[in-house]
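**Student:** Here you go, sequence then predicted model.
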Amino acid sequence: MNCVVIPAYRASATILPVIAAIGEEIDLIVVVDDGCPDGTGLVVANRCGDRRVVALMHGVNQGVGAAFLTGMRYGIERGADIVVKIDADGQMNPAQVPALIHPIASGQADYVKGDRFFFLHHAASMPRVRRFGNLALSFFAKLSSGYWTLMDPTNGFFAIHAGIAELLDDEQIAKRFFFETDLLFHLGLIRAKVVEFPMRATYGDEVSNLSVSRQLAPFLAGHLRNTARRILYRYFFRDLSLASLELVAGLGLLGFGLAFGVYHWFSAAPDQLVPTGTIMIAALTFLIGFQLVLSFLNYDISSSPREPLHPFLVRSRQGRADEKGPNEAVTSDEATEQLRRQA
C-alpha cells in the first residue's frame, strides 16, 4: 500500500487542489494539521470528499518534521509499505509520485528524494534567496550525511520505505526546518541507499515560513554536530580503517603545519629572515596533512551506500498502534469535532 503524508500549516487555500491532483496509485492520504491557525484540517474534513483522506491534527505547532512523522507512523499502522511526503503549498506536482516511488517499489533504493537542480532552466525559476541558500548548504549536507552525490538536501518531496522508517528513532530527528537534512543524517547512520529523482517545482505567490536569517546559524550548527557524530560513529565506533588513521594523522599534521608556520611568520623580526628549515617543516607537514585529509575524503565519497537495505528487513508493526508520543494525533472524525470547537 502506498501512502501520501501532507504536513499542513497555513495551507487552507492550497490543500484541496493538492489532494485532488494525487493519483490512484496512492491508497491513503494523511493530512496533518500542525496547529494551523487558519483551520486547514477543518477545510479538509468538511470539504474533501476523497475517501482515501484522513485528517490528523496537532494541538500546537510542532514543525514540519513532527507533522510528517505523525502521518508516517499512522500510515505504517494502516499497512503502508511506501510513504511519500508532499508539501501543502502546491509546489510539488503529485503526477510525479509514480516515478518517485518506482526505485523503492522495484527494490533499487530505500529512500528517494526530489532534485530541483537537475533541470537548470527550472532551477532558475526558484527564488534567488532560496536557490542561494540551498546551494550554500548543499556541501554541508553532503559532509554531515555522507551522501556526496545528493544535490538538493533540503527538498521536502521524498518517499521512504516503511521498513526503513521503522529503524529510525523519531525522538532523535529534528522536527522543524532542519528535518529533511537531519533525516538524511539518520539514514546514513543505518547505511540506507538514497537516490535522487529529477523533478520540476512550481513557485507561485506563496510565502515561505522559513526565515533564512534566523535559520542559517541553527542549520550550520546542526551540520557541524552531525558531521562530528557521523565521522566518530562511522570511522571509530563502528569500524576502524586506514581512512580513520588518515583522518587523525592528516588533521594533526595539517593543524601543526599551519600553527607552526603562522607562529614563526609573525614572531620573526621585520629585518630577520625565517630559516629555510623552519619553512620546510611548516610546508611539508601542512602539505602532507592536506593530502591525507584529501585521501580520507576520497574514501568517504566512494563508500556511500550502494545496496538497498529494506529487502533484507523483517518488519514488525505490532505494538505501535497503542503507543502515543509527543506527536499525539487524532483521526479525522475527532479532528473535525475539535477543529469545529476551535473555530
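**Tutor:** Now that the structure is in, tell me what you want to look at. Residues are numbered from 1 along each chain as shown.
**Student:** Please, where are all the strands along the stretch 101-250 of the chain?
**Tutor:** Taking DSSP state E, counting those that start in this stretch as the test, the strands found in the stretch 101-250 of the chain are 111-115, 158-161, 194-198.
**Student:** I'd like those laid out as TSV, including distance to G146 and mean pLDDT.
**Tutor:** For the C-beta atoms, the positions are set from N, CA and C on the backbone; glycine is no exception. Formatted as TSV, these follow (distance: least, CB to CB, whole Å; pLDDT from 0 to 100):
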stretch	distance to G146	mean pLDDT
strand 111-115	13	91
strand 158-161	17	95
strand 194-198	10	90
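**Student:** Ok, which of those comes nearest P37?
**Tutor:** Nearest to P37, of all those, is strand 158-161, at 26.6 Å by CB to CB.
**Student:** how about the closest one as PDB, C-alpha atoms only?
**Tutor:** Extracted in PDB, the C-alpha atoms of strand 158-161 (Å, rounded to 0.1, in the frame of the first residue of the first chain):
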ATOM      1  CA  PHE A 158      10.600  12.400  -1.000                       C
ATOM      2  CA  ALA A 159       9.500   8.800  -0.500                       C
ATOM      3  CA  ILE A 160      10.700   6.300   2.200                       C
ATOM      4  CA  HIS A 161      10.100   2.500   2.600                       C
END
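**Student:** State the number of residues packed around the closest residue to A80 other than its chain neighbours.
**Tutor:** Spatially, and ignoring its direct neighbours in sequence, A80 is nearest to C3 (3.7 Å; CB to CB, 6 or more residues apart in numbering). Other residues within reach of C3, judged by other CB atoms under 10 Å, total 26.
**Student:** what about the residue of the chain positioned farthest from its centre, is that helix, strand or coil?
**Tutor:** The centre of the chain is farthest from one residue, D271, which by CA atoms, centre = their mean lies 55.2 Å away. Three-state call for D271 (DSSP: H, G, I helix; E, B strand; the rest coil): coil.
**Student:** Next, work out how far apart the residue lying closest to R78 once chain neighbours are set aside and N298 are.
**Tutor:** Leaving aside its sequence neighbours, R78 sits nearest to L28 (CB to CB, 6+ apart; 5.7 Å). Counting by CB to CB, to the nearest Å, the separation of L28 from N298 is 44 Å.
**Student:** Looking at these two, which is more packed in?
**Tutor:** Between L28 and N298, L28 has the larger neighbour count (other CB under 10 Å), namely 19 against 12.
**Student:** ok, S303 - how many residues close by?
**Tutor:** Neighbour count for S303, taken as other CB under 10 Å: 15.
**Student:** Now do it, the pLDDT please.
**Tutor:** Per-residue pLDDT puts S303 at 89.
**Student:** how near is it to Y147?
**Tutor:** Distance of S303 to Y147, computed by CB to CB: 11 Å.
**Student:** ok, now D110?
**Tutor:** Distance, D110 to Y147, by CB to CB: 12 Å.
**Student:** Name the residues contacting each of those two.
**Tutor:** Common contacts of D110 and Y147 (CB atoms under 8 Å, 6 or more residues apart in numbering): L187, V194.
**Student:** Between those two, tell me which one has more neighbours.
**Tutor:** Taking neighbours as other CB under 10 Å, D110 and Y147 compare with D110 leading, 28 against 24.
**Student:** Nearest residue to the more buried one in space, please, no chain neighbours.
**Tutor:** Spatially, and ignoring its direct neighbours in sequence, D110 is nearest to A192 (4.0 Å; CB to CB, 6+ apart).
**Student:** how about that neighbour, phi and psi?
**Tutor:** Dihedral angles of A192 (phi, psi; degrees, to the nearest 10) stand at phi -80, psi 150.
**Student:** How is this protein partitioned into domains?
**Tutor:** As given by automatic domain parsing, the domain ranges for the chain are 2-234+313-342, 240-302.
**Student:** most tightly surrounded among the ones you listed?
**Tutor:** domain 2-234+313-342 (a mean of 18; mean count of other CB atoms under 10 Å).
**Student:** Quick one: distance of that domain to the chain centre.
**Tutor:** Its chain's C-alpha centre lies 8 Å from the corresponding centre of domain 2-234+313-342 when counted by CA atoms, centre = their mean, to the nearest Å.
**Student:** residues in contact with Q172?
**Tutor:** Counted by CB under 8 Å, 6+ apart, Q172 has contacts H186.
**Student:** any idea how far it is from I190?
**Tutor:** 12 Å.
**Student:** any idea how far F178 is from G63?
**Tutor:** Counting by CB to CB - F178 and G63 are separated by 9 Å.
**Student:** oh, I was asking about A8
**Tutor:** 12 Å.
**Student:** any common contacting residues for the two?
**Tutor:** Taking CB under 8 Å, 6+ apart as the criterion, A8 and G63 both touch D34.
**Student:** How many residues are close by F236?
**Tutor:** By the criterion of other CB under 10 Å, F236 has 13 neighbours.
**Student:** Find me the pLDDT at it, would you?
**Tutor:** pLDDT at F236 comes out at 93.
**Student:** Thanks a lot, see you next time.
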